[in-house]
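Novice: After the sequence you'll find the predicted model.
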Amino acid sequence: MLQAPQDTCFSPRQTLRCPHGRVLDLSRPQVMGILNLTPDSFFEGSRVGSDADLLRRAEAMLTAGAAVLDLGGYSSRPGAEDISADEEKRRVVPAVEAVRRAFPEAFISVDTFRASVASEAVAAGADILNDISGGTLDDEMLTTVGRLHAPYVLMHMRGTPQTMIQHTEYSGDIVTELVRYFRDKLTHLRSFGVRDVLLDPGFGFAKTAAQNHELLRRLPELGVLGLPILAGLSRKAMLYKPFGLTPDAALTGTVAVNTIALLNGARLLRVHDVAEAMQTIHLVSNTYPAHPSFPLSP
């Protein structure tokens, strides 16, 4: 059986130390609300239309119970258009500044794989860096994360958003491969001084629907690594394509798989629909108050 990295840098604690002096507590599962600053994200309902729309949506998510707001300026849907770092910064940095001014107590995550965007975002007030590439698309990313002392969402993906659908063949057991991937990446992160990490299996990224469901079912096996898990399943194709639906009709499926993710140990749900995710957490808590993989306090 694969073993966790033998170090003390990444402890099994359920807190994240952020660069602006605050700590995000994940001892009870939390919700990350998605705010897409892109014109082409796969779910049209998640796209922010203006500065006023951004603040309105952010306020609604925080009021509904979101602990984290995840701002992204680069669409990572399959086949999405590649944009420049300057364009990504133009979308993201002013948005981070606006949300930080309006909601100083909010935890802000930035969804980027670029070191320069990460640096400017943290300077503008971001707390967490959410990198779909695990540092593979920018050689400076891991060094930058270590320098910034920002919590890092380490996701599994192959290829790029433009090519990932061509990389769904795995030589062996997919969960074993993910554990190896995360174990090796954590060793690199430690060498760069990264202190706080969440693991994201990368549902939908270089994975078939069947592989996504297997990962969800076997999510507890990632617990060998001793780190909190982020589950990003919201409105993804595995939830609507089998029924001939669209992302707009995938809320029911999202609630179903988020329930499974929580029971299998997820600590952060990345979602478009915050109120429904919060209800899911509360209902699972009430039904399984002492579940061994989901110990919720009242």
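Specialist: Structure's in. What do you need? Numbering: from 1, shown residues only.
Novice: What ranges does the stretch 1-150 of the chain have for its strands?
Specialist: Applying DSSP state E, counting those that start in this stretch to the stretch 1-150 of the chain gives strands spanning 15-17, 23-25, 30-36, 68-72, 107-111, 128-131.
Novice: So what touches the third one?
Specialist: Put plainly, it is strand 30-36. With Cβ atoms under 8 Å, 6 or more residues apart in numbering as the test, strand 30-36 has contacts from 24, 43, 46-48, 54, 57-58, 61-62, 64-72, 75, 95, 109, 230, 234, 267-272, 274, 277-278, 281. All C-beta atoms are positioned from the backbone trio N, CA, C, and that covers glycine.
Novice: Also compute the angle for that strand relative to strand 107-111, please.
Specialist: Orientation note: strand 30-36 sits at an angle of 50 degrees relative to strand 107-111 (axes from the mean of the first three to the mean of the last three Cα atoms, to 10 degrees).
Novice: Centre of the chain to strand 30-36, how far?
Specialist: 9 Å (Cα atoms, centre = their mean, to the nearest Å).
Novice: same question for it, mean pLDDT?
Specialist: Average pLDDT, strand 30-36: 96.
Novice: burial measure for Phe113, as a count.
Specialist: Residues lying near Phe113 (other Cβ atoms under 10 Å) number 24.
Novice: pLDDT at it, what is it?
Specialist: Value listed for Phe113 in the pLDDT field: 96.
Novice: Give the bridge partners for Val68, please.
Specialist: Met32, Phe107 (DSSP bridges).
Novice: That one and Asp25 touch, don't they?
Specialist: No: if you go by Cβ atoms under 8 Å, Val68 and Asp25 don't touch, sitting 11.5 Å apart.
Novice: Confirm that Ala266 sits in a strand.
Specialist: No: under DSSP: H, G, I helix; E, B strand; the rest coil, Ala266 sits outside any strand and is assigned coil.
Novice: now it: how far from Pro78?
Specialist: Taking Cβ to Cβ, to the nearest Å as the criterion, Ala266 is separated from Pro78 by 23 Å.
Novice: Please apply the same query to Leu198.
Specialist: 23 Å.
Novice: Which one of the two is surrounded by more residues?
Specialist: Ranked by neighbour count (other Cβ under 10 Å), Leu198 and Pro78 place Leu198 first, with 23 against 16.
Novice: helix or strand right after the strand or helix carrying that one?
Specialist: Per DSSP states H and E: Leu198 is located in strand 197-200. The first helix or strand that comes after strand 197-200 along the chain, using DSSP H and E, is helix 209-217.
Novice: next one: the next helix or strand after that following helix to chain centre, how far?
Specialist: Sequence order places strand 230-231 as the next helix or strand after helix 209-217, per DSSP H and E. Relative to its chain's centre, strand 230-231 lies at 6 Å (Cα atoms, centre = their mean).
Novice: Likewise for stretch 268-276?
Specialist: Its chain's C-alpha centre and that of stretch 268-276 lie 11 Å apart, by Cα atoms, centre = their mean.
Novice: Quick one: end-to-end length of it, please.
Specialist: End-to-end distance for stretch 268-276, by Cα to Cα, to the nearest Å: 14 Å.
Novice: where in the stretch 151-298 of the chain is pLDDT low?
Specialist: For the stretch 151-298 of the chain, the stretches with pLDDT under 70 are 292-298.
Novice: tally of neighbours for Lys207?
Specialist: Lys207: 25 neighbours (other Cβ under 10 Å).
Novice: check contacts around it.
Specialist: Neighbouring residues of Lys207 by Cβ under 8 Å, 6+ apart: Thr168, Ile174, Leu215.
Novice: 7 Å instead?
Specialist: The neighbours of Lys207, taking Cβ atoms under 7 Å, 6 or more residues apart in numbering as the test, are Thr168.
Novice: gap between it and Leu178?
Specialist: Per Cβ to Cβ, Lys207 is found 10 Å from Leu178.
Novice: Please apply the same query to Val110.
Specialist: From Val110 to Leu178 the distance is 24 Å (Cβ to Cβ).
Novice: quick one, which of these two is more surrounded?
Specialist: Legend: neighbour count by other Cβ under 10 Å for Val110 and Leu178, higher for Val110 (30 against 22).
Novice: now the host helix or strand of Ile281 and strand 68-72, what's the angle there?
Specialist: Using DSSP H and E, Ile281 maps to helix 274-287. Angle of helix 274-287 versus strand 68-72, following the same axes, to 10 degrees, is 140 degrees.
Novice: Which neighbouring elements make contact with helix 274-287?
Specialist: strand 30-36, helix 51-64, helix 251-263 (3 or more Cβ pairs under 7 Å, 6 or more residues apart in numbering; DSSP states H and E).
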